[in-house]
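*Asks:* starting from these lines, generate the structure:
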Amino acid sequence: MGQRGLENDVERLSGGQRLRQLRVDAGRTQLWVELEAGLGTGYLQRLESGRVAQPGRDTLARILDALSATYNERRLVMRRFGYRTPINPPNADEMAWARALAAGQLDEFPFPAYALDCLHRLVAWNAAAQSLLALEKVDAAENRSMLEPWFDERSHLGRMIVDPDGFLTALLTAFQYEERRFREERWSRELVESLRRSARFEHYWQRVATEPPPLGAARALLPLQLRSAGADILSFRLASEPFLDDDRFRVVYYFPADSVTMATFERS
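*Replies:* Residues are numbered from 1 along each chain as shown. Below is the predicted model of the structure:
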């Protein structure tokens, strides 16, 4: 069965069935979970079988804690029972988990790539991204938004942009498309408000806001050009893909868009 088939099977499960699957995958008995979560004997069996239609939010949270459920698993189960789960930025442990998960994935990619969290903080990057972007010069490495330096003409990244109108418009189109999932969250609104204090960011924000997002907005439709340290003009197509286990993180890939750029990375 393909990945899409597996995802569809998960979507068809009821809340109780999903909890049972998580428990079985964790190798735990119903009694163990009940003791760990402070539940009465037999409660989890009734919940998994559908005889408890609406467990309390706190009860579900204790069960999910006992099962060490991932962020995505918690949100899925809560949604099955009608509870909205706030989306919070990852904490230090979750950042470390994502960094370890991304490391191997990024190292296998031969071109520049890096991982960001939902606040657009750098999580991890590969050697090609380090070489192209000289990330030791990027303030984002100090736990700040990676978007800020792109919109700062005085920054290292800002000076690399060959065509600001094309690059920054595409970058902000992808940003607005991705942020739709987080607009109800206070931290997301605060991030946007902070970025919009920059006149340059605000200029492109208003430009993009008046245009409908294109299909596949997380992918740049036109080549994006950067000036390398050696003064060569390199051309890329950017793609952004979410992590499978936690969609608060994503990986940004730089695919060479011309033969010069391809040859540059073949030599490195």
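
*Asks:* what about E241, which SS state?
*Replies:* Three-state call for E241 (DSSP: H, G, I helix; E, B strand; the rest coil): strand.

*Asks:* burial measure for it, as a count.
*Replies:* Using other Cβ atoms under 10 Å, E241 is surrounded by 13 other residues. C-beta here means a position set from N, CA and C on the backbone, and glycine is covered the same way.

*Asks:* low-confidence ranges, the stretch 51-200 of the chain, go.
*Replies:* 139-143 (pLDDT under 70).

*Asks:* strands of the chain, start to end?
*Replies:* If DSSP state E is used as the criterion, the strands of the chain fall at 113-117, 122-125, 224-227, 233-242, 249-256.

*Asks:* among these, which is nearest R181?
*Replies:* Judged by Cβ to Cβ, the one of the strands of the chain that comes nearest to R181 is strand 233-242, at 9.8 Å.

*Asks:* check which residues of that closest one are buried.
*Replies:* If you call a residue buried by 16 or more other Cβ atoms under 10 Å, then strand 233-242 has these buried ones: 234-240.

*Asks:* quick revisit: out of the strands of the chain, the one nearest D163 is which?
*Replies:* Closest approach to D163 among those (Cβ to Cβ): strand 224-227, 5.7 Å.

*Asks:* helices and strands around that closest one, which ones?
*Replies:* Here strand 224-227 touches helix 156-160, helix 164-179, strand 233-242, going by 3 or more Cβ pairs under 8 Å, 6 or more residues apart in numbering; DSSP states H and E.

*Asks:* so can I have a markdown table of the buried residues of strand 233-242 showing pLDDT?
*Replies:* Converted to a markdown table, those look like this (pLDDT from 0 to 100):
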| residue | pLDDT |
| --- | --- |
| L234 | 93 |
| S235 | 93 |
| F236 | 93 |
| R237 | 90 |
| L238 | 88 |
| A239 | 88 |
| S240 | 87 |
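
*Asks:* Y83: which of these is nearest?
*Replies:* Using Cβ to Cβ, S240 comes nearest to Y83 of the buried residues of strand 233-242, at 28.7 Å.

*Asks:* what is that closest one paired to in the beta sheet?
*Replies:* As for beta bridges, S240 partners with V252 under DSSP bridges.

*Asks:* surely it and F249 touch.
*Replies:* No. Assessed by Cβ atoms under 8 Å, S240 is found out of contact with F249, at 10.8 Å.

*Asks:* if I pick A129, what's in contact with it?
*Replies:* A129 makes contact with 106, 112-114, 135, 254, according to Cβ atoms under 8 Å, 6 or more residues apart in numbering.

*Asks:* any idea how far it is from D107?
*Replies:* Separation of A129 from D107 (Cβ to Cβ, to the nearest Å) stands at 11 Å.
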